[in-house]
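> Have a look at this prediction, sequence included:
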Amino acid sequence: MTVTQRRGRKIMMTPGELDEFLTTQRTCRVATVSASGAPHVSALWFAWDGKSLWLYSVVRSQRWKDLSRDPRVAVVVDSGEEYDQLRGVELRGTVEFVGEVPRTGELVAELDYIETVFARKNFGLDEMPHDGRHAWARLTPTKIASWDFRKLGSA
C-alpha cells in the first residue's frame, strides 16, 4: 500500500518506520459506529503483517457487533508521553472476518502466520491458544496517516 499524506510530511513515518512501529506495538484503539450512529472506541491487541492489521476480538463485544453490522473502522496505534515523543499511525478502511466465529482452532491456512506472530508477541507462545470467545477481523487499510513528533527536534 502506498502511503500518501498531504499534511505533516515533515513528521510522517517512512514505510520502514511505519512497518517497524506497527510490528512492535501491542495495543490499538478501534473506532466503530454503533447501530444508533454513535461512535464506539475500545482498546485491543493486534498484529501487523506488513499490509494488514489483524484484530483479535471477543465476538460478544460491542466492537464485534458494530463491525458485523458496518465493517467500516478507524484504528489508532500510538505511543509517547511527552509532546516531543508522540508518534502513531491511523489506519482506515473496512474489515473482513477470517476463520470461524468464534475461533476454535480449525485449520485456516490464511491464519497460520498471523496467529504465530500474535501468540509470540502477546503470550510468549509458539501456538495460538483458542478460547472459543474470540475471532479475527483483518483491516487492509485504504488510508494511512502517521506522525512522529521526534522528527521535529531534528529539523
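In hand now; what should we look at?

> Which residue is the nearest non-sequential neighbour of residue 52?
Among residues not flanking residue 52 along the chain, residue 140 sits closest, at 4.4 Å (Cβ to Cβ, 6 or more residues apart in numbering). Bear in mind the C-beta positions are built from the backbone N, C-alpha and C, glycine included.

> I'd assumed residue 121 was in a helix, is it?
Yes - under DSSP: H, G, I helix; E, B strand; the rest coil, residue 121 sits within a helix.

> if I pick it, what's in contact with it?
26, 47 (Cβ atoms under 8 Å, 6 or more residues apart in numbering).

> Enumerate the helices of the protein by residue range, in sequence order.
15-24, 62-69, 109-123 (DSSP state H).

> Quick one: closest of the ones you listed to residue 91.
Residue 91 lies closest to helix 15-24 among the helices of the chain, at 8.5 Å (Cβ to Cβ).

> what's the residue closest to the geometric middle of the chain?
Against the mean C-alpha coordinate of the chain, by Cα atoms, centre = their mean, the closest residue is residue 53 at 4.2 Å.

> what pairs with the nearest residue to residue 34 once chain neighbours are set aside across the strands?
Spatial nearest neighbour of residue 34, excluding adjacent residues (Cβ to Cβ, 6+ apart): residue 40 at 5.2 Å. Applying DSSP bridges to residue 40 gives these bridge partners: residue 32.

> Ok, the one 5 residues further on next?
Here residue 45 shows beta-bridge partners residue 27, assigned using DSSP bridges.

> about what we covered before: read off the pLDDT value for the residue nearest to residue 52.
Here the pLDDT value assigned to residue 140 is 96.
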